[in-house]
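A.B. asks: For reference, the sequence and a predicted model appear below.
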Protein chains: 2
Amino acid sequence: MKSIDVCLSPDLLHLYDVKGKMVVVVDILRATSCMTTAIAEGVEEIVPVATLEECQALGRQGYVTAAERDGKKADGFDLGNSPFSYRNGAYRGQKIAVTTTNGTYALTKSKEAEVLVAGSFLNIGAICGLIKEANLDTIILCAGWKGKVNLEDSLFAGAVCARMSNHLAPACDAPLMAKAMYEKEKGDMMSFLKESSHVKRLHGLNIHEDIAFCLEQDVYTDVPIYRNERLIKA
Amino acid sequence: MKSIDVCLSPDLLHLYDVKGKMVVVVDILRATSCMTTAIAEGVEEIVPVATLEECQALGRQGYVTAAERDGKKADGFDLGNSPFSYRNGAYRGQKIAVTTTNGTYALTKSKEAEVLVAGSFLNIGAICGLIKEANLDTIILCAGWKGKVNLEDSLFAGAVCARMSNHLAPACDAPLMAKAMYEKEKGDMMSFLKESSHVKRLHGLNIHEDIAFCLEQDVYTDVPIYRNERLIKA
């Protein structure tokens, strides 16, 4: 039986070996929820970059630019970090350059994985289908919040571990922790998230609807997969 | 209201500032359970050291030496890492030098805390009493397993967060995660721990009784506190 592991923060990634494995990067609020939405809504490719400067440089090459820092849209960019920007095929056929506080960092740290995808509740069923199909040892990499663990990414990791429990064995204790927390809180994740200071801060930015949308499961059946430095439809 | 935070692994400690705070180091299996037992059973002082060599050097100065690596007693030392070694006042009045895989490392990384103590289920009530008395922002530092998170230390952190929920506000998401997991699994922590590969490995070392004892709550009312490079009775 292949294994499933959970890396609760990119600051723990040095303890994990991603080579030869499938890695699912998750930043529920909101980078990978955005990526899922964008790809499912017809965006041709997404180039995740670490810095605002790289994002601007791609903008000069014709990319639509999406940039978020500390939950807010960065000045001078086309888009922030809301999945609603991409709905109804608003950027169908276009190329997006994106940089966010946590999510793009986690992606760029996992480039050596055999299969690297962006996961979210929005496409969790498709992610689990791809994990079964790939049949590799799998790591869920939580983007966290500036190095610290966060509830929403850990809940997603726990949800995947719960869905895959008959197919993959836990590689260490982190999958068991994430699964126990998910099973405790799955009935009302929104109420649980409201206890989080980090989510409270996001609520203060007036993105309640974003948060509610990002917790919906199986809205899309597409998976953004990382190939040649960009995310495309798997 | 003062805050409570949880650092799930020493490899995340760079994200926390321990200065001016109370830090509770926890390595349930078994370093801080041993320290709790030893101090409660009359040991005069415990000097935690990072290396086997430092431990041996203190042995030559008359210290009883306790050394564990990967769950096993290291060759050439007086004791391993079992709390039963100290029961019935077996080392009353003596001084112990101790080095373990995870627990002593976590302690030595937290020396700049205002108040630094060793916690375990065995003295959890006394720990909570001291947290109330100290009235400082508090961090529970989980020793983990070689940098990774583990169930037993996270469960302890969650148990403290649950007991202190009317007195301390969660500083970030880690306390909420630990508390949710503890509340899900508190009814039968032993069965939950048996899913852990790391605990399975310890079971293979024939320390079932140690594990059961280390999960007992409020066996002792003493707290080992760190002062001048050693743990003494608070």
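C.D. replies: Structure's in. What do you need? Residues are numbered from 1 along each chain as shown, chains lettered A, B, ... in the order given.
A.B. asks: can you pull out the helices in chain A?
C.D. replies: For chain A, the helices defined by DSSP state H cover A:31-40, A:52-60, A:103-108, A:124-134, A:151-163, A:173-185, A:189-193, A:197-204, A:208-214.
A.B. asks: ranking these by burial, who's on top?
C.D. replies: Ranked by mean neighbour count, the helices of chain A are led by helix A:31-40 with a mean of 29 (mean count of other Cβ atoms under 10 Å in any protein chain shown). Placement of C-beta: from N, CA and C, glycine included.
A.B. asks: tilt between it and helix A:151-163?
C.D. replies: Inter-element angle recorded for helix A:31-40 and helix A:151-163: 70 degrees (by axes from the mean of the first three to the mean of the last three Cα atoms, to 10 degrees).
A.B. asks: what inclination does helix A:31-40 have with respect to helix A:124-134?
C.D. replies: Computed by the same axes, to 10 degrees, the angle between helix A:31-40 and helix A:124-134 is 80 degrees.
A.B. asks: before we move on, the earlier item: just give me the lowest mean pLDDT stretch among the helices of chain A.
C.D. replies: Mean pLDDT is lowest for helix A:197-204 among the helices of chain A, at a mean of 81.
A.B. asks: CA atoms only for that one - export them in CSV, please.
C.D. replies: Taking C-alpha atoms only, helix A:197-204 is exported to CSV below (Å, rounded to 0.1, in the frame of the first residue of the first chain):
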residue,chain,number,x,y,z
SER,A,197,-7.3,34.9,14.3
HIS,A,198,-6.0,34.6,10.7
VAL,A,199,-9.4,34.0,9.3
LYS,A,200,-10.9,36.7,11.5
ARG,A,201,-8.4,39.1,9.8
LEU,A,202,-9.5,37.9,6.4
HIS,A,203,-13.1,38.4,7.4
GLY,A,204,-12.1,42.0,8.3
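A.B. asks: so what does that helix touch, helix or strand wise?
C.D. replies: Taking 3 or more Cβ pairs under 8 Å, 6 or more residues apart in numbering or on different chains; DSSP states H and E as contact, the helices and strands that helix A:197-204 lies on are helix A:208-214.
A.B. asks: how far does the helix it packs on sit from the chain's center?
C.D. replies: Relative to the centre of its chain, helix A:208-214 is centred 15 Å away, using Cα atoms, centre = their mean, to the nearest Å.
A.B. asks: Show me the contact partners of that helix.
C.D. replies: Residues outside helix A:208-214 that contact it (Cβ atoms under 8 Å, 6 or more residues apart in numbering or on different chains) are A:28-30, A:33, A:82-84, A:120-122, A:152, A:190, A:193, A:199, A:202-203, A:219.
A.B. asks: Write out the residues of chain A neighbouring chain B.
C.D. replies: Contact residues, chain A versus chain B (Cβ under 8 Å from any Cβ of the partner chain): A:8-9, A:11-12, A:14-15, A:145-151, A:154, A:170-174, A:176-177, A:180-181, A:183-185, A:192, A:195-198.
A.B. asks: same thing but 6 Å
C.D. replies: Residues of chain A lying near chain B by Cβ under 6 Å from any Cβ of the partner chain: A:11-12, A:15, A:147-151, A:154, A:172-174, A:176-177, A:180-181, A:184-185, A:195-196.
A.B. asks: start to end distance for stretch A:56-76?
C.D. replies: Terminal residues of stretch A:56-76 lie 9 Å apart, using Cα to Cα, to the nearest Å.
A.B. asks: Tell me the buried residues in that stretch?
C.D. replies: Buried residues in stretch A:56-76, counted by 16 or more other Cβ atoms under 10 Å in any protein chain shown: A:Gln56, A:Leu58, A:Gly59, A:Tyr63, A:Val64, A:Thr65, A:Ala66, A:Ala67, A:Glu68, A:Gly71, A:Lys73, A:Ala74.
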